[in-house]
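In: model this:
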Amino acid sequence: MKIKGLIILSRKEFVKEHFGEEAWEKVFNELPVQYLQLMGDTILTTQWYPFEIGDHIDKAIVKILGKGDPLVFEQLGAKSAQKSLAKEHRSFLSPGDPQAFLKRSGTIYKFYYDTGRREYQATSPDSGVITTYDSETYSLPDCLTVIGWYKEALKMCGAKKVEIEEEECRASGGSCCRYRVEWKM
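Out: The predicted model follows:
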């Protein structure tokens, strides 16, 4: 499975903004040599990179900066949503209509990941379930980033008191990654 460079750059910007340039250098230097060579000096937002690069960066962030607390990835996901949805992917937003935004989950997924699929099912006017199927690779930090990203994106659509709970996770032995989403307007 591959991820877009935008995901890697979001992590880089988050680390630099919250922990400084030196922190990013520490995280980056944790990568195996073959990934450092593959990325070179420039990470391109639209280029596909091996999922393992993101996974190694995530593990280094938890180890070095999160002091073992993976919840730092919800913050990272929120920052990623602010960045991508304010610029290149702002057309995904549906101000005042979180349901319309969530119905685009499958399309949005394909912009960030090259295998698997994501579906959304509304359960009420202010709730629903997002499910990711058939992803070849997965990790707990990536799921937390997804939670943070969707929470922030829904707020950008006007939702308040957004709650997202991952009910099932492939990284924990589940058959899919399923997120229950609720909000107030």
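
In: which helix of the chain spans the most residues?
Out: The longest helix of the chain (DSSP state H) is helix 140-156.

In: and the closest residue to residue 130 other than its chain neighbours, what element?
Out: Counting by CB to CB, 6 or more residues apart in numbering, residue 130 lies nearest to residue 179, which is 4.5 Å off, once chain neighbours are set aside. From N, CA and C alone the C-beta is placed, and that goes for glycine too. According to DSSP states H and E, residue 179 maps onto strand 177-184.

In: what comes up buried for that strand?
Out: Of the residues in strand 177-184, those buried under the neighbour-count criterion (16 or more other CB atoms under 10 Å) are 177-179, 181-183.

In: what helices and strands are in contact with the helix or strand of the chain with the lowest mean pLDDT?
Out: Using mean pLDDT, DSSP states H and E, helix 33-39 stands out as the lowest-scoring helix or strand of the chain, at a mean of 85. Contact partners of helix 33-39 among helices and strands, from 3 or more CB pairs under 8 Å, 6 or more residues apart in numbering; DSSP states H and E: strand 48-50, helix 51-60.

In: who's the nearest residue to residue 165 once chain neighbours are set aside bridged to?
Out: Nearest residue to residue 165, sequence neighbours excluded (CB to CB, 6+ apart): residue 180, at 4.9 Å. For residue 180, the beta-bridge partners under DSSP bridges are residue 129, residue 165.

In: next one: residue 180 from residue 128, what distance?
Out: Noted for residue 180: a distance of 8 Å to residue 128, by CB to CB, to the nearest Å.

In: same question for residue 141.
Out: Here residue 141 is placed at a distance of 24 Å from residue 128 (CB to CB).

In: likewise for residue 120?
Out: Taking CB to CB, one finds residue 120 at 6 Å from residue 128.

In: identify the contacts common to these two.
Out: Shared contacts of residue 120 and residue 128, defined by CB atoms under 8 Å, 6 or more residues apart in numbering, are found at residue 102.

In: against residue 139, how distant is the residue nearest to residue 130?
Out: Plainly put, residue 179 is 15 Å away from residue 139 if you go by CB to CB.

In: did I read that right, residue 120 in a strand?
Out: Yes. Using DSSP: H, G, I helix; E, B strand; the rest coil, the assignment for residue 120 is a strand.

In: what's the closest non-adjacent residue to it?
Out: Counting by CB to CB, 6+ apart, the residue nearest residue 120 is residue 105, at 4.2 Å.

In: tell me the contacts of that neighbour?
Out: 118-120, 130.

In: break the chain into its domains for me.
Out: 2-72, 74-184 (automatic domain parsing).

In: which one of the ones you listed has the poorest average confidence?
Out: Of all those, domain 2-72 carries the lowest average pLDDT, namely a mean of 87.

In: quote the end-to-end distance of that domain.
Out: Between the opening and closing residues of domain 2-72 there is a gap of 22 Å (CA to CA, to the nearest Å).
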